[in-house]
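*Asks:* Here is the input, now give the coordinates:
(chains A and B)
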Amino acid sequence: MDLSTLAVMDLKGVILAAGEGRRCRPLTQTRSKVMLPVGNRPFMEYVIRALAANDIKEIYVVVGYQKERVMDYFEDGIDFDVNITYIEQNELLGTAHALLKVKPYVDEEFLVVNGDNLIDKRAIAELVMAEGENVILSALRRHSGDYGVLIIDNGLVKEIIEKPGRPCSGILNTGAYKFTPEVFDALKQAPISERGSYELPETIMHMILEGVEVRPQITKGIWADAIFAWDLLNANNLALGMDEPKILGGVEEGAVIKGPVHVGAGSIIRSGSYLVGPISIGEDCDIGPNAVILPSTSVGNSAKIGPLTEVRNSILMNDARIGSSSIVSDSVIGASCTLGDQVVVETGDCVVEIEGLFQRAEFGAIIADDVSAGARVLASPGTVVGTKACIGSGAAISGMIKRDSRVIC
Amino acid sequence: MCGIVAYIGEDKAGPILFDTLKRLEYRGYDSAGVAVLSQGSVKVLKSSGRIADLEKSYKRMGSPGEGMGIGHTRWATHGRPSDINAHPHTSGEIAIVHNGIIENYLDLRELLAEMGYEFQSETDSEVLAHLIHFYYKEDLFAATLKALEKVEGSYAIAVMAASSPYIVCARRESPLVLGKGSSSVFVASDIPALLPYTRDVIRLKDGDIARIYKDRIEIIDRSGRLLEAEVERITWDADAAEKGGYTHFMLKEIHEQPRAIRETISGRISEIDGDVRLSLGISEEEIRSLERVSIIACGTSYHAGMLARNLFVRAAGLPVDVEVASEFINLQLRPRTLLLGITQSGETADTLLALKKAKACGGRSLAITNVVGSTVTELVDGTIFTRCGPEIGVAATKTFTSQLVAIILLAIRLGRARGHLTPDQSRKMLIELSKLPGLVQRVLEKREEIRKVAERFSAASSYFFIGRDYLYPISLEGALKMKEIAYIPSEGYAGGELKHGPLALITEKTPVVALATCGKKIQSNIKEVRARGAEVIALAAEGDPDIAKVASLVIELPETRPIYSAVLCTVAVQLLAYYTANKLGLPIDKPRNLAKCVTVE
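*Replies:* From the prediction side, this is the model:
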């Protein structure tokens, strides 16, 4: 066999990870959306694993906002069996502008995937195998009108309607694409969008109008996005089903574990605790004694949950701490938060203002990083607390609490 | 993280193997070995310790071998590395190197032992060598294939035999890449190691097994089909890949500190008991009977030792002497003194020599180091490992903050054992300690603010750092960093010492960094230097109401206990020195005249 004649290039992957994800604020005040954890891993880790599982090992990650967090976690990619090259997009001018930065690195067919979506290897495989040179991975979903909707005609994408703004069901754009390098010519002529930036869907629309064939590939794999911070809870539930759970840490006698529960190395589940999966507990956590954790909960590394506390359908990030006799459900608790004893987060219907628009939702509280709350704090449904806020003991909180604020009773 | 390499071609294998092994060095290792084909037999050379030493003994043997060989580096995170456990492992004329874990090795070992194989080491890898030997008739490839069928677990292997004209490689769940030269083939665990020799790279896929001749490569997948090797041309630069997006290793390592601290704490604290678990090799009774601690260290590690001086007295009631290792000449150790050596590499010659001298006086000894299996660990009764992973930047960053954390852990352990700390006091300290990684992250997020300050003062011809109590050693460390990488003459002083001399050097052109997170006394020192017209950059706790009135610039750090604020101030001064050097365009990772590990006296 003569090796010199065989110069087959592997398919390369591009991950767009430069944006903040403003609608997930305040959780994105300290990290970009790609680093928000579901099932105890950042969104982008699922993307990288899905690419790696399809033998896409050469990965270019476009970073910008809070890039250090991304680089510190993924490093050169060796732990994920891929090679990562980071490309900086310092001016946040949209996804089309981001993709143009990758031009010097790819000269054959390649994939583009949003770093802030949950995606599995099957969905990526479908995109890899899809016919046609320019393909949009799409999904059939009912949704609230916050995605781009594809209009299909004769097996080709005829139009992309960005964010129709009303609930509809249809074929939506997942933000994962297969392109040939010709896309870069189109990117240079990308029209500026309503958001004042250069976005990929507008560019693709422009290509379609120019007569380029773009095909949809409807996925049967897993794909999920979190538009708002509380959507993380759904994505978390999906993500918890994607990994095989293992008990690596210690479980004391008298603790009960039911269903798929993952306990990371160095963690301890103390006596009398009752855990019902799907749950993922990270490394070096200290749970209980007599703590109750109910389904669809992820607990990050080095987190602590005190005695007689109940946590349900929630995400606790690394180093979060909940005292004794507290109740937390349908909530996201940021990294290094400390909640005191007898803290109660109520859950229910609420209306939340995000980026100037009012959104109807149902959740408990969204608490950003480094928040500290004293004892007997009561949070109403839909409470959103900004980074490093400090809530005094006995306070009843609701609505939006800004970054760095202090709440006294 | 282990690394494997192999070579087959026209050139002498030995020097190429050593060179590629050194390129895997940045991943860290504690032992290494090579096997080369030499006059019809396989010669193995392996030992714990440095690759450079192994290479020296190779040269002393007359650099044996022809154009075929395999090599290995091992980085133990658990268990003691030794010459015998180092790779390659041999069985008859077969030699192998292996990464990964053979899960069913106990069963296989039993089986092979029954068939009369004798085991030299306790590694799972040796099983594989014997198993291949068992199947080996004439065809090394077929034998390896059969052996791997019996194996459960993960592996990347390279196999050679004296009577085989080719090398066999295979991988499952562990990385392995091949590099194709003009009439040679290179094998390594990662691509950067190959780049000096070739840019044409073939990635083995999971489950692939390859037969490698010097001029061709045959790859067979797990279903037995012959595959076409997909050659990929590497266009990127090795150096940049290792830095994972950062411009310098130092900046990368500064950012690795939350993780390094978390790892160093991990599994060692129990809040519920209010105690720390460390295997010190010293009984509780001996700890109770201690009267003194003597610390021996050099450079940055010496500053870590100085932090222990105040801490050990307060937490454990133990007075401390700290000695620069090279000045540890005439000190007579009193009885019931605990000796503590601090060395990042575990190989610092001055520290080792001083430890040996002191041990001769008797007494118990401990070491704090980052390298498992380093020489220092053999000298002492117990070792506390900082779990930072290898540090490449010459200026110590993550290893220093992890040393501080290790010292804090030791102080609490000693304090608890001696009854000097109550369980509740130490529980409260441990709760705060577990928050430290998150607080360090918050300091890192101040990077832009610190960068601006650094750039504003980068033209300064000298710098002063002042601090009191726990922050005095940090002021020395800040000055050292500024000297090491920014080449700016800098002085670290105890706040109260300024007026006894150095104040004469302070002019309006001397920026003074005041570490002011710990107590109010420093404010009067700030006023002293402000009165001489100097600009004062204060590192202060968030919400400190008075500091802005005295300092010219304030960088706010999260509020925490004084001892932990020493760690936060360290991170801030590291960033300050880094951005100053960066602005000046200096070679930050390799400052002039300095080496990472000083193994000469």
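*Asks:* Quick check: the residue of chain B nearest chain A.
*Replies:* Nearest residue of chain B to chain A: B:Gly438, at 3.0 Å (Cβ to the nearest Cβ). Glycine gets a C-beta too; all of them are placed from N, C-alpha and C.
*Asks:* how about the nearest residue to that residue, chain neighbours excluded?
*Replies:* Counting by Cβ to Cβ, 6 or more residues apart in numbering or on different chains, A:Ser336 is the residue found nearest to B:Gly438 once chain neighbours are left out, at 3.0 Å.
*Asks:* need the residues of the stretch 51-200 of chain B near chain A, please.
*Replies:* Proximity of the stretch 51-200 of chain B to chain A, by Cβ under 8 Å from any Cβ of the partner chain, involves residues B:175, B:180, B:190-191, B:200.
*Asks:* go again using 10 Å as the cut-off
*Replies:* Residues of the stretch 51-200 of chain B found near chain A (Cβ under 10 Å from any Cβ of the partner chain) are B:173-175, B:180, B:182, B:185, B:189-192, B:200.
*Asks:* about what we covered before: can you classify the residue nearest to B:Gly438 by secondary structure?
*Replies:* Here A:Ser336 is recorded as coil under DSSP: H, G, I helix; E, B strand; the rest coil.
*Asks:* what does the model give it for pLDDT?
*Replies:* As predicted, A:Ser336 sits at a pLDDT of 93.
*Asks:* same thing with B:Ala158?
*Replies:* 94.
*Asks:* Break chain A into its domains for me.
*Replies:* Domain ranges of chain A: A:3-239, A:250-407, per automatic domain parsing.
*Asks:* Switch those over to TSV; also include mean neighbour count.
*Replies:* Formatted as TSV, the domains of chain A follow (neighbours: other Cβ atoms under 10 Å in any protein chain shown):
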stretch	mean neighbour count
domain A:3-239	20
domain A:250-407	21
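*Asks:* can you list these in JSON lines and add distance to B:Thr517?
*Replies:* Compiled in JSON lines, those are given as follows (distance: least, Cβ to Cβ, whole Å):
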{"stretch": "domain A:3-239", "distance to B:Thr517": "21"}
{"stretch": "domain A:250-407", "distance to B:Thr517": "17"}
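*Asks:* if you skip the residues just before and after it, what's nearest to residue 64?
*Replies:* Defaulting to chain A. A:Gly64 sits nearest to A:Ala18 (Cβ to Cβ, 6+ apart), 3.2 Å away.
*Asks:* nope, chain B please
*Replies:* Leaving aside its sequence neighbours, B:Pro64 sits nearest to B:Ser38 (Cβ to Cβ, 6+ apart; 4.2 Å).
*Asks:* Isn't that neighbour up against B:Gly69?
*Replies:* Yes: at 9.0 Å, B:Ser38 counts as touching B:Gly69 under the criterion of Cβ atoms under 10 Å.
*Asks:* who's more crowded, the two?
*Replies:* B:Gly69 (29 against 19; other Cβ atoms under 10 Å in any protein chain shown).
*Asks:* Could you give the bridge partners of the more buried one?
*Replies:* In this entry, B:Gly69 is beta-bridged to B:Tyr7, B:Val36, by DSSP bridges.
*Asks:* ranges for the helices of chain A?
*Replies:* With DSSP state H as the criterion, chain A has helices at A:43-53, A:67-74, A:95-100, A:121-129, A:183-188, A:200-209, A:232-240.
*Asks:* quick one: contacts for whichever residue of chain A sits closest to chain B?
*Replies:* Closest to chain B within chain A is A:Ser336: 3.0 Å, counting by Cβ to the nearest Cβ. By Cβ atoms under 10 Å, 6 or more residues apart in numbering or on different chains, A:Ser336 lies in contact with A:30, A:300, A:302-303, A:317-321, A:369-372, A:387-388, B:258, B:434-439, B:441-442, B:558.
*Asks:* same deal with A:Ala186?
*Replies:* With contact taken as Cβ under 10 Å, 6+ apart, A:Ala186 is in contact with A:96, A:134, A:179, A:200, A:203-204, A:206-208, A:210, A:212.
*Asks:* returning to that earlier point: and the domains of chain A, which one averages the lowest pLDDT?
*Replies:* For the domains of chain A, mean pLDDT drops lowest on domain A:3-239, to a mean of 86.
*Asks:* Neighbours of B:Thr383, how many?
*Replies:* Applying other Cβ under 10 Å, we find 25 residues neighbouring B:Thr383.
*Asks:* Specify the local secondary structure of it.
*Replies:* strand.
*Asks:* how much space is there between it and B:Ser402?
*Replies:* Distance of B:Thr383 to B:Ser402, given as Cβ to Cβ, to the nearest Å: 14 Å.
*Asks:* Now do the shared contacts for those two.
*Replies:* B:Ile368.
*Asks:* Identify the residue nearest the geometric centre of the chain.
*Replies:* Let's take chain A. The C-alpha lying nearest the average C-alpha coordinate of chain A belongs to A:Phe43 (Cα atoms, centre = their mean; 3.8 Å).
*Asks:* that's the wrong chain, I meant chain B
*Replies:* The residue lying closest to the centre of chain B (Cα atoms, centre = their mean) is B:Pro390, at 3.0 Å.
*Asks:* Per-residue pLDDT of that one, please?
*Replies:* pLDDT recorded at B:Pro390 is 74.
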